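Novice: Coordinates for the following, if possible.
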Amino acid sequence: MSTNHDLSIKLPILLIGPQGAGKSTIGKLLSEQLNLPFVHLEKISENYWQEIGCDKTLVEQAWEDGQSDWVYRYMMPFDVHALKHAVVEYCNYIIELAAPQSVYDDAELFQQVSSVFQSCGHVILLLPSEDVEESLQILQQRTRAMINGMEINEYFVKHHSNYDLAKYIIYTKDKTPQQTSEEILATIKPNASDIILIGPVRAGKSTIGRILAKKLQLPQISMDILRWNYYQPRGWDKQQQQNIAENEGFAGVYRYWKQFEAYAVERLLQEHQNCVIDFGAGHSIYEDDADFHHVSELLADYANVVLLMPSPDPDESVMILNQRLTLTINGMEENRFFLTHQSNHQLATLVIYTHLKTPSQIKDEILQYLELTNS
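Specialist: Next up, the predicted model:
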């Protein structure tokens, strides 16, 4: 097939499917072959979202609290708005959609999206397999967040940093957030000015922090919300992070963040006093000895550094945290929801099953389809 797009191919071409289906890889291959630009809708959506009042801070906080169902429903009208504008402004592009941007559990919004898709050239759905269970297994393997050969929660739970930095450890298993907060207040030094909460992903830091801040009438400061302001002066670049994510996955992004995190802790502690602070999971984990000693010194004078951990048993903690990390929509694991929902199949003009095929083979299959539909 010619590398020029003078074949009357109707554009744009949309790539849809669950996370880990290969949309970015295939999109780039098609872009090179067809000499067409390629863009990820989610990466250009923020301005569109803001046009109609999307509250990014609210979304970030909901993600922190594990409210994936709420985020999915909140973002649906904003994604529809972004899609309507993007297919016009990027009409000569290959456009990749994030997993939720083509699945709508709302009849009116789905109809709007369906109308938008009908005006596009081709809507290509990428799925690992026709079998849902096989697809789930494949996607889970592709999207696991690994650090140094361990899943993220196992790594954070078993790393020495959290235990070495903490002045207190509070175990949360079988306790409500309110009960955990009461235990913290009964354990820590009451006259110290700040409470700093550390721990792995989904340990409850933000939720417990809010309860403590309200009870003590202190501000709550969340590192995960403020960190980009501290990363940027040290050279953090959003585009570079995106490139690393695409080429190296989460492990690469994690390594990239490490060069900024100790400085972020320093800045946050300088700028905020008399408050309840919740660290991001990585901000109390350090492989570099110099960074670890620097953060240790920064926290040395803070009496109330509290490590939240589900259980004294590390393996049990990992199991509990992994259950909390599983994102759900309608009570269903996120990938299962996207794979079984009818939206993608109703919107697609072509379905490609990718298991045991190389990216190049998938690309050639799509090109063959384009040749046939434009002949």
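
Novice: who are the neighbours in contact with residue 196?
Specialist: Contact analysis of residue 196 by C-beta atoms under 8 Å, 6 or more residues apart in numbering lists 277, 278, 279, 299, 302, 304, 305, 306. Placement of C-beta: from N, CA and C, glycine included.

Novice: Most neighbours among the residues you listed, please name it.
Specialist: Using other C-beta atoms under 10 Å as the neighbour test, those are led by residue 278, with 30 neighbours.

Novice: List the beta-bridge partners for that one.
Specialist: Beta bridges link residue 278 to residue 197, residue 222 when assigned by DSSP bridges.

Novice: For it, give me the pLDDT.
Specialist: Note for residue 278: predicted pLDDT of 96.

Novice: Please identify which helix or strand holds the residue nearest to the spatial centre of the chain.
Specialist: In the chain, the C-alpha nearest the mean C-alpha coordinate belongs to residue 63, at 8.3 Å (C-alpha atoms, centre = their mean). Using DSSP states H and E, residue 63 falls within helix 56-64.

Novice: For that helix, which helices and strands make contact with it?
Specialist: For helix 56-64, the packing partners by 3 or more C-beta pairs under 8 Å, 6 or more residues apart in numbering; DSSP states H and E come out as helix 46-51, helix 68-89, helix 223-231.

Novice: Nearest approach to residue 368 belongs to which of the ones you listed?
Specialist: Nearest of the helices and strands packed on helix 56-64 to residue 368, taken as C-beta to C-beta: helix 68-89 at 24.3 Å.

Novice: which parts of that closest one are buried?
Specialist: For helix 68-89, burial by neighbour count (16 or more other C-beta atoms under 10 Å) applies to 68-69, 71-72, 75-87.

Novice: same deal with stretch 275-287?
Specialist: Neighbour counts using 16+ other C-beta under 10 Å place 275, 276, 277, 278, 279, 280, 281, 282, 283, 284, 285, 286 of stretch 275-287 among the buried residues.

Novice: Run a quick check on the third one versus residue 223, I expect a contact.
Specialist: Yes: in this structure, residue 277 sits in contact with residue 223. The criterion is C-beta atoms under 8 Å, and the distance is 7.0 Å.

Novice: tell me, what's touching these two both at once?
Specialist: Common neighbours of residue 277 and residue 223, using C-beta under 8 Å, 6+ apart, are residue 268.

Novice: circling back to that earlier point, tell me what angle the helix holding residue 63 forms with helix 68-89.
Specialist: Here helix 56-64 runs at an angle of 130 degrees relative to helix 68-89 (axes from the mean of the first three to the mean of the last three C-alpha atoms, to 10 degrees).

Novice: buried residues in helix 56-64?
Specialist: 59, 61, 62, 64.

Novice: Is it possible to get a markdown table of these that adds pLDDT?
Specialist: Formatted as a markdown table, the buried residues of helix 56-64 follow (pLDDT from 0 to 100):
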| residue | pLDDT |
| --- | --- |
| 59 | 91 |
| 61 | 79 |
| 62 | 84 |
| 64 | 71 |
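
Novice: Which two of those residues have the greatest separation?
Specialist: Pairwise distances across those (C-beta to C-beta) peak at 9.8 Å, for the pair 59 and 64.

Novice: Which residue is the nearest non-sequential neighbour of the residue nearest to the centre of the chain?
Specialist: Once flanking residues are discounted, residue 63 sits nearest to residue 71: 6.1 Å by C-beta to C-beta, 6 or more residues apart in numbering.
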